[in-house]
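*Asks:* For reference, the sequence and a predicted model appear below.
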Amino acid sequence: MLPTDLLAPHLGMGLAGLLLSAFLLGVLHGVTPDEHTWPITLSYAIGAASGRRGMQAGLLFSAAFTLQRAIASELAFLALAPILGSATFNSGIDLLVGVVMAISGAYILRRGRELHLTEGLERFMHRLLRVAPADHADGTLVLEGSPVPIRMTLVHGFVAGWGTGAFAIIIYTVLAPAMPSAAIAFLPGLLFGLGTMLVQAAAGAAIGAWMRSRGLGAAALTYVGRAVAGNTLLYGGLLFSAWGLFSLLFPALAAGLDSGLPTGIGIPNLDSVNAGLILVAVIVLGIAVGSFVRALRRVQAGVPGVSAGAER
């Protein structure tokens, strides 16, 4: 099926083949450098500072993303795909995603935790994932022992999912309309989200485990995790907001920049060097890596009250 049938699904594949395509497209989406999923999952996984909590960050983000894609798939079946795919709609989503990221990053840097926005949904996800929540005296809910709380990934996942890239277009214009009835029109989006979830959970676990393996003490992990997560979300969010606002004000110029330069790779998110790919590179390689290096150097140089080595 790869790559022709997967990237160009058709009715001849049958219902099972179309649904399998949706799931595999989700896996491919999780692997490729998507500007909404990678920076957010990376930020929270590093901030979580362990493989288990990193996996939880990926699962929470993807769970909300999956819900959004299922809803959008149903809407596409009801002939609303043109709205979901419009340039103005997507520019607004970029702006909103950036604002949510920046607010979350600012609170992590300032207070070490996020805005208290999603308590009911968070508690449900904690029960579903069998994670014990803990309440601060001020009522802010965090995961037990996590340097950076991860509940805002639920908000990020649901909001970011409304951005319509090449993968979403396949879901909205081909797979969802091919469903035999409205009763199952949500399935392509649901399976796409589950495919993405598989990759994001694995990526979050790997990043969190890598962070844990740095041999830092608990206080140092907290310091570095907050610095990386906070800076990546704050400054990455400001970049997203700026791009979204620019796209709303100058749509023609933004469309030219977003088309980019072809790479010859026939896979969405890798087929051109465009604004989205540049945003990912700047946020992940520039802000996240740069923040990690600077924070680690500060720890090694001796931050008051923070020990660089792991406790024995």
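*Replies:* Yes, it's here. Numbering: from 1, shown residues only.
*Asks:* List the buried residues of the helix or strand where Ala106 lies.
*Replies:* Secondary structure from DSSP states H and E places Ala106 in helix 87-111. Of the residues in helix 87-111, 90-108 count as buried by neighbour count, 16 or more other C-beta atoms under 10 Å. C-beta here means a position set from N, CA and C on the backbone, and glycine is covered the same way.
*Asks:* Stretch 174-185 now?
*Replies:* Under 16+ other C-beta under 10 Å, the buried positions of stretch 174-185 are 174-179, 184-185.
*Asks:* Turn those into JSON lines, columns for secondary structure and distance to Thr196.
*Replies:* Converted to JSON lines, the buried residues of stretch 174-185 look like this (DSSP: H, G, I helix; E, B strand; the rest coil; distance: C-beta to C-beta, whole Å):
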{"residue": "Val174", "secondary structure": "helix", "distance to Thr196": "18"}
{"residue": "Leu175", "secondary structure": "helix", "distance to Thr196": "15"}
{"residue": "Ala176", "secondary structure": "coil", "distance to Thr196": "16"}
{"residue": "Pro177", "secondary structure": "coil", "distance to Thr196": "21"}
{"residue": "Ala178", "secondary structure": "coil", "distance to Thr196": "20"}
{"residue": "Met179", "secondary structure": "coil", "distance to Thr196": "19"}
{"residue": "Ile184", "secondary structure": "helix", "distance to Thr196": "20"}
{"residue": "Ala185", "secondary structure": "coil", "distance to Thr196": "19"}
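*Asks:* Of the residues you listed, which is the nearest to Gly163?
*Replies:* Of all those, the one with the least separation from Gly163 (C-beta to C-beta) is Ala176, at 16.6 Å.
*Asks:* and that closest one, how far is that from Ile267?
*Replies:* According to C-beta to C-beta, to the nearest Å, Ala176 stands 21 Å off from Ile267.
*Asks:* Can I take it that Asp34 is in a helix?
*Replies:* No: Asp34: not assigned to a helix; according to DSSP: H, G, I helix; E, B strand; the rest coil it is coil.
*Asks:* which stretches of the chain form strands?
*Replies:* 133-135, 141-143, 261-262, 272-273 (DSSP state E).
*Asks:* Leu24: neighbouring residues, count only.
*Replies:* 18 (other C-beta atoms under 10 Å).
*Asks:* Repeat that for the one 5 residues further on.
*Replies:* Other residues near His29 come to 26 when the count uses other C-beta under 10 Å.
*Asks:* quick one: average pLDDT of the helix holding Ala106?
*Replies:* What helix 87-111 shows for mean pLDDT is 86.
*Asks:* picking that back up, and of the buried residues of stretch 174-185, the nearest to Val159?
*Replies:* Ala176 (20.5 Å).
*Asks:* where does the stretch 101-250 of the chain have low pLDDT?
*Replies:* Applying pLDDT under 70 to the stretch 101-250 of the chain picks out residues 111-150.
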